[in-house]
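Q: Pasting the sequence and the predicted model now:
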Number of protein chains: 2
Amino acid sequence: MKMTPLITSAVMHFGEMGSRWGFNRTVGQILALIVLNEGPISAQEIADALNISRGNTSMGLKELQSWRLVKQHLVPGERKEFFIPAGDIWTLANRVFEERRKREIDPTLSLLRDLLLDEPANGTEAGAQNKLSEIHDLLESITAWSEELQNLGPEKLNTLMKLGSGVGRMLDLKDKILPGKNSVN
Amino acid sequence: MKMTPLITSAVMHFGEMGSRWGFNRTVGQILALIVLNEGPISAQEIADALNISRGNTSMGLKELQSWRLVKQHLVPGERKEFFIPAGDIWTLANRVFEERRKREIDPTLSLLRDLLLDEPANGTEAGAQNKLSEIHDLLESITAWSEELQNLGPEKLNTLMKLGSGVGRMLDLKDKILPGKNSVN
DNA sequence: CTAAACTTTCAGTAATTTCTGAAACTTCAA
DNA sequence: TTGAAGTTTCAGAAATTACTGAAAGTTTAG
């Protein structure tokens, strides 16, 4: 596994960013390496290229698999396990979004649902509950919407993104186009 | 500052989630407290309610201000500084998105731009550059789009979210509605 | 100017997270 | 079956991040 300067820079950077993206430095580096490498790469090669222990590599790969960003790839005739990205860049980005939603939003949504079931004990609690309820609704909208967007699939999503400010204009026309349907509250 | 059980649960949870949201436990707790509290609250009250040192409180407040989630509120006659949320729930969520984009996407975008300027030294680098270029384009789309969405403002954004699966249908009709404009690629 | 009331800073400590490497485990070929 | 080639696990060490509290700083009233 040859680490050219370009690849090294990219891998290092993804390592730095790793923690901001929800995993740690090593995991970020491993991901970058697997994505940028041409063809499958073995755990040992990864450990060597990144100068990390074999154990750490194994844990990193496990985590990347739990994020569904990387998958195993059996090379015929070879005994070792090789790894490749779990899909194209688009798919990977989607997976990161999805996985983060699960970790960052779902638990809160579930707590909020519970808290909103209780009767407020007094005025202070009633006020707090209102705020929590607003947060709850917002998170639900975000969740529902992000699912919606994922269902659109890459092509349509891309169309939508490229639409840019056209989105605003389109919304103005919405009611004429889809009368009655999905009217806003 | 009375911590009712409801508020305590919520504050504790936001603390736990804090690190996943880009700040630390204390900062998450402080934010929750300020949002849920009715009316302005002083640094000292926060420190007492959360059982954290005054110094830590000060740092947490500073960070929340740098995220533009919390702002100072001068109570006439009072010498102390009080704090309130920097806006409604919607605004706060927007700020979190924006701030995270700055921290999680912008630096990568900037690195990628640089790396893509260099001539690839060989076939391996050329292949890696292609991948990096895909990532770059994706991140640019996301950035552009999120700016677009923010410009729509809360009302329209809400309309769009509530539209749900209607978005798909609308896209199918797009070319008839906005002929020539924003055609894809 | 002084002192009281308050805030911020930051060196050191505590808590948490990540990483290593040796031991345990698995798989397969012979 | 055995052992070579590989993988995983996990206790402890290292690195990082967060927190405390005392000292320094700021602001205002008198």
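A: Ah, there it is.

Q: all contacts plus neighbour counts: C-alpha atoms, from now on.
A: Fine.

Q: Summarise which helices and strands the longest helix seen in chain A is packed against.
A: The longest helix of chain A (DSSP state H) is helix A:123-163. With contacts defined as 3 or more CA pairs under 8 Å, 6 or more residues apart in numbering or on different chains; DSSP states H and E, helix A:123-163 has these neighbours: helix A:89-104, helix A:106-117, helix B:5-18, helix B:25-36, helix B:89-104, helix B:123-163, helix B:166-177.

Q: Would you mind finding the most buried of these?
A: Each of these was scored by mean neighbour count; the highest is helix B:25-36, a mean of 24, by mean count of other CA atoms under 10 Å in any protein chain shown.

Q: Kindly export that helix (C-alpha atoms) in CSV.
A: Taking Å, rounded to 0.1, in the frame of the first residue of the first chain, the C-alpha atoms of helix B:25-36 are listed here in CSV:
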residue,chain,number,x,y,z
ARG,B,25,-21.7,17.6,28.8
THR,B,26,-21.7,20.8,30.8
VAL,B,27,-22.3,23.0,27.8
GLY,B,28,-25.3,20.8,26.9
GLN,B,29,-26.7,21.1,30.4
ILE,B,30,-26.3,24.8,30.5
LEU,B,31,-28.0,25.2,27.2
ALA,B,32,-31.0,23.1,28.3
LEU,B,33,-31.3,25.0,31.5
ILE,B,34,-31.3,28.4,29.8
VAL,B,35,-33.8,27.2,27.3
LEU,B,36,-36.2,25.6,29.8
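
Q: For chain A, tell me whether it is touching it.
A: Yes - interface with chain A: helix B:25-36 contributes B:35-36 (CA under 8 Å from any CA of the partner chain).

Q: distance between that helix and the chain's centre?
A: Put simply, helix B:25-36 sits 15 Å off its chain's centre (CA atoms, centre = their mean, to the nearest Å).

Q: Residues touching that helix, excluding its own?
A: A:127-128, A:131-132, B:7, B:10-19, B:40-41, B:46, B:50, B:56-57, B:60-61, B:63-64, B:69-70, B:83-85 (CA atoms under 8 Å, 6 or more residues apart in numbering or on different chains).

Q: how about the residues of chain A near DNA strand D?
A: Within chain A, the positions adjacent to DNA strand D are A:42-44, A:54-56, A:58-59, A:62, A:79-82 by CA under 7 Å from any atom of the strand.
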